[in-house]
Every structure is written in C-alpha cells, then in structure tokens.
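Undergrad: Model the structure of this input:
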Amino acid sequence: MLRVAESTAVPLLAAATTLVAVGCSYPTKPGEPLGQLPETVTSAVPLWIPFRIAAGRAEAPDPRETRLQELRRLTFDGKSRHPVWHPDGRHLLYETGDGGCGAIIELDLSTGARERLSPEGGSASLGGYLEEPRRLAFGRADAEGRCRPRFDQASGWAAPDTSLWIEGPHAEPARPWLPGPAFEIATNRFAGVVFSSTRDGDPELYLLPPGSDPQRLTESPGYDGGASLAPDGGTVAWHAESGRRRRGPRSSHPFAELHVHVATIHGKRARIAVEAGHFDVQPSFMPDSRRLLFSSDYDAAGPGESFDLYLADPESAGPPQRLTHHPASDGEPQISPNGRYLAFTSTRGGGPGLDVYVARFVEAQDQ
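TA: So this is what the prediction gives:
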C-alpha cells in the first residue's frame, strides 16, 4: 500500500481544494468564440464506411436464385456485354455498342459515374488490366471492322479486322501492341494476355507473356475461344469445339458442341473440365483459381434455347451447381477479386439484347 507522508498530503489537499474553488468561480455562460474555425474539405473515403453498390437499379430477385442477393441492373440499352472487374473491385468495365464491339466503359459502382476508356473513333473489344501501373489491353478495329469473329456457313471463319492495343496509365495515349487478328482477349497481371486468333488459319488460343512474343497454346481443329486466366496465373480455361460444325439453313448454331477446357498457362495437360450441356461456354475462374463459373444450356429444353450460370469444380466429380433460374439467358459471369460480387449479362430485361447485372454472391456454406 502506497503511503503519502503527512507533509506531502496536506499541500496536495490544499491544491485540490483551490482548484475546485477556482472551477466553481467560472462563469456559467460560455464566452464568445475567438473566431470562425476553418472548414476542412477532403475527398478521402473513411475506411470504416462499407462498400455498397449504388449504381444502376435494384431488381426483383428470382426466389430460386438464393446464391445471388441484392440484384442490380447496371445498363439499360440492350447493347452491353463482357463485364470485367477493375482490380480495386469497386469499378466495372464493359463494352457497349452494336455489332459485337463498340466503346469500353468504366462504371463506378458506388456513384454510377461512367467514363469511356477506349479511344474515340473506331470500335474496341474489352480485354482487361495488366500490371502496375494499370494498363488496359483491348482489341481495336477501324470504323468498318468487326471485333468479334463471324462464322460463315459457306467458307468458315472470317478473321475480324482487330489488332491488340494497349492504353494507360492516365492520359497516356493508346498505341498498337500486336497486329491482328486478335479477339476475345483475357488478361492477367502475372501471365500477360491470352487471346483467340485465326493468324494460323484456325481459331486458336495464343499467350502473349510480358516482354515476349506470342505463343500458340492450342492445336486441335475447330474453334478455341472465350479464354480466362486463373488469378494465380497458372491455369487457363476456355471453351472449345467438339465434333463437326453444323451446316445448313436449319442450323441455329455453327458448332456441334462447345465444352470448357483447362490447361496450364503454357497449354500443357489440356483436358475437358466441364461437359454438362450441349454448349458450356464463357468460363471464368473463382478467386481460388480452381473453381469455374460458366454459362450453359444444361437445363434448357433444347440445345442452345436458353442459358443459365453454373459453378463447377473440375477437381470434383459432383455435378455443377446452378446459380440462375430465370427463363431468360444469362452469360459471361465474372466474380469480383474478393469473391463478394458476381457480374453477368442477361436478357432478363425483357428484350433480345444483353445488359449487365451485378449481385452479391453467396457461397453455399454461407446460406
């Protein structure tokens, strides 16, 4: 126990009594302010404010789509497609325009602000961001060019007039990177760029590593496209044609079937990863670099009549998990970098055209 000497305690008690007496003598009415305090203006967003998507319009959810919560429609022109997440997870890029290509738009999901990233004049097809500082890789065609490959029943594939471009950062102008044809572009900050091309006659996949020349990844006859690179940069997934192409006026699809394939980033150990419906297309990786999102006619009444979104684990023998149930067609699923939100395109807006939607994604164990 701490003891205070009497000689010390008396002055301490006297000082305390004096402070109380002085405090009681303060006026009860506060004095006039000494002057107006300056205002502080900042654009910083406090870290404790949770991120919330406010862009677009809330949509009534399908009660069967329990894995998708807080559904929002982001575009309303029926001409928007190919959503790609910004690395910060707070912005979304997409294409808008006619003819399978147009302008590349960046959407701020918290404010709804939109900015065109592709150069004015001509058409562009979206690829994605590369290494730091952020650089945007995309395909570009002139005003008469096509950004998507066109299948001709008589002669087969016609190469689009599209070359690979790069832009950024900030005000740095866009510049050509690789002569075409180059389409259906996917990017990864570690691996580089994967794209489809008919430069060797057949639509195949090519890898363009940072600071290197393009390397051909696929060799099989038929269409290889819609590639996606795993976040860890070690695996590539794509949809590939199997069987003969359908020909004739009664054929609504130019392919016999399309299924999801996977391989190492250098094209080794290629195999079919998903073979669910007649058309299993547009794969994209989950943040774990293992599971795959894709669009399929697995539960459709007939081949290619409608598409839904599915989630599959190529390392598991179980069936794919169905994510959407709307009678419209859903495609191009893209998960945010942190796995919290799922962007996709859909015709559920009522017309034949595509629009971009986003929803909070719920893992199965969290339901």
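Undergrad: quick one: the helices in the chain?
TA: 6-24 (DSSP state H).
Undergrad: Low-confidence stretches in it?
TA: Within the chain, the ranges that satisfy pLDDT under 70 run 1-48, 99-100, 132-133, 142-161, 169-171, 243-255.
Undergrad: Specify the beta-bridge partners of R360.
TA: Q69, Y341 (DSSP bridges).
Undergrad: tally of neighbours for it?
TA: Neighbour count of R360, defined by other CB atoms under 10 Å: 15. (Glycine included, C-beta is placed from N, CA and C.)
Undergrad: Next, the contact list for it, please.
TA: For R360, the residues meeting the contact criterion (CB atoms under 8 Å, 6 or more residues apart in numbering) are L68, Q69, E70, R340, Y341, L342.
Undergrad: correct me, but F361 touches L342?
TA: Yes - using CB atoms under 8 Å, F361 is in contact with L342, at 4.3 Å.
Undergrad: which residues does P287 contact?
TA: P231, I335, P337, N338, G339.
Undergrad: By neighbour count, which of these wins?
TA: The most neighbours, when the contacts of P287 are compared by other CB under 10 Å, belong to I335, which has 22 neighbours.
Undergrad: wait, isn't that one in contact with F344?
TA: No - the pair I335 / F344 is not scored as a contact, 9.7 Å apart, by CB under 8 Å.
Undergrad: Can you show me the strands along the stretch 101-250 of the chain?
TA: 103-108, 114-116, 123-129, 136-141, 150-152, 156-158, 163-167, 175-178, 183-188, 192-197, 204-208, 215-216, 224-229, 235-242 (DSSP state E, counting those that start in this stretch).
Undergrad: Dump these to TSV, plus mean neighbour count and distance to G277.
TA: Below are these laid out as TSV (neighbours: other CB atoms under 10 Å; distance: least, CB to CB, whole Å):
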stretch	mean neighbour count	distance to G277
strand 103-108	20	30
strand 114-116	12	35
strand 123-129	25	26
strand 136-141	26	28
strand 150-152	12	20
strand 156-158	15	23
strand 163-167	21	31
strand 175-178	14	34
strand 183-188	25	20
strand 192-197	25	21
strand 204-208	23	22
strand 215-216	14	28
strand 224-229	24	15
strand 235-242	24	11
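Undergrad: would CSV of these with distance to S329 be doable?
TA: CSV is the format used below for these (distance: least, CB to CB, whole Å):
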stretch, distance to S329
strand 103-108, 22
strand 114-116, 25
strand 123-129, 20
strand 136-141, 24
strand 150-152, 19
strand 156-158, 24
strand 163-167, 29
strand 175-178, 32
strand 183-188, 19
strand 192-197, 22
strand 204-208, 25
strand 215-216, 32
strand 224-229, 15
strand 235-242, 16
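Undergrad: Out of those strands, which gets nearest to Y357?
TA: Of all these, strand 103-108 sits nearest to Y357, with 12.2 Å by CB to CB.
Undergrad: What strands flank the closest one, and is each parallel or antiparallel?
TA: Strand 103-108 has the following sheet partners, assigned by DSSP bridges: strand 91-96 (antiparallel), strand 114-116 (antiparallel).
Undergrad: hmm, who's touching the last one?
TA: For strand 114-116, contacts defined as CB under 8 Å, 6+ apart pick out A103, I104, I105, E106, L107, D108.
Undergrad: Which among the contacts of R360 count as buried?
TA: L68, Y341, L342 (16 or more other CB atoms under 10 Å).
Undergrad: Closest to E257 out of those residues?
TA: Closest approach to E257 among the buried ones among the contacts of R360 (CB to CB): L342, at 25.7 Å.
Undergrad: Help me confirm that that closest one comes into contact with E332.
TA: No - L342 is not in contact with E332 according to CB under 8 Å; the separation is 10.7 Å.
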